[in-house]
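Pasting the sequence and the predicted model now:
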Amino acid sequence: MYSQIYLDQQRTELKKSLNTTEERLKESEKKNDNIEKQMAEVEGENFELKEKVSELEQIIESLQTQIVPNEEQELTETLEAKDLYIEQLQADINSHHQQMDKLKLKYKKRLNAIKTQLAEVKQEGSLNIYKLKQEMSLMEEKNYELTGVPYRLLYFFD
């Protein structure tokens with residue numbers, strides 16, 4: 001009687017452990033999904049930045065083609081201002097490229113960390129499941145030795 005209660009308690013504890021492991025696995029998968037969504041957002045921002053860079057480059061080209069060679073003396077100040085504006089735009093482009101690269105690297109590292117955690121939790125869960133199955137098998141054998149009734153028959157008569 002006491003060994004049956006003990007076995008039931010162990011089985012209950014093992015089921016709780018299994019549930020906890022499964023919850024941790026689900027949490028890790030949710031984190032992985034969240035990181036993937038963030039990566040999609042970063043890629044969307046990357047696409048927008050590329051479009052902005054393209055627009056800025058078109059503006060630069062249009063500004064450069066607007067310069068008339070015959071009026072250079074009159075437009076010297078305007079040219080200098082446009083050159084300065086072009087340099088600012090190019091600096092903005094470089095800044096956006098750097099920000100984009102930093103974000104990519106940050107999210108790539110974060111995604112790798114989450115993937116590693118997910119793999120660890122999956123592996124841990126698999127090991128726990130294996131251990132729980134072994135323990136249940138041992139308990140069934142002990143129960144059979146103590147009672148002489150196979151474990152599966154006990155539940156059949158309940």
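That came through, no problem.

Go ahead and flag the most central residue of this structure.
In the chain, the centroid-proximal residue (Cα atoms, centre = their mean) is Ile35; its distance is 3.0 Å.

which element is it on?
With elements taken from DSSP states H and E, the one containing Ile35 is helix 2-65.

quick one: pLDDT of Lys102?
With respect to pLDDT, Lys102 has a value of 91.

How far away from the center of its chain is the longest helix anywhere in the chain?
Scanning the chain for the helix with the most residues, using DSSP state H, yields helix 76-147. Here helix 76-147 is found 4 Å from its chain centre; the criterion is Cα atoms, centre = their mean, to the nearest Å.

That one - contacts with which helices or strands?
helix 2-65, helix 151-157 (3 or more Cβ pairs under 8 Å, 6 or more residues apart in numbering; DSSP states H and E). (C-beta placed from N, C-alpha, C; glycine too.)

Which among those is found nearest to Leu111?
helix 2-65 (4.8 Å; Cβ to Cβ).

Might you calculate how far that closest one sits from the centre of the chain?
Per Cα atoms, centre = their mean, the centroid offset for helix 2-65 relative to its chain is 3 Å.

Tell me what angle it forms with helix 76-147.
170 degrees (axes from the mean of the first three to the mean of the last three Cα atoms, to 10 degrees).

Ranking the helices and strands packed on helix 76-147 by mean neighbour count, which comes first?
The highest mean neighbour count among those, using mean count of other Cβ atoms under 10 Å, belongs to helix 2-65: a mean of 13.
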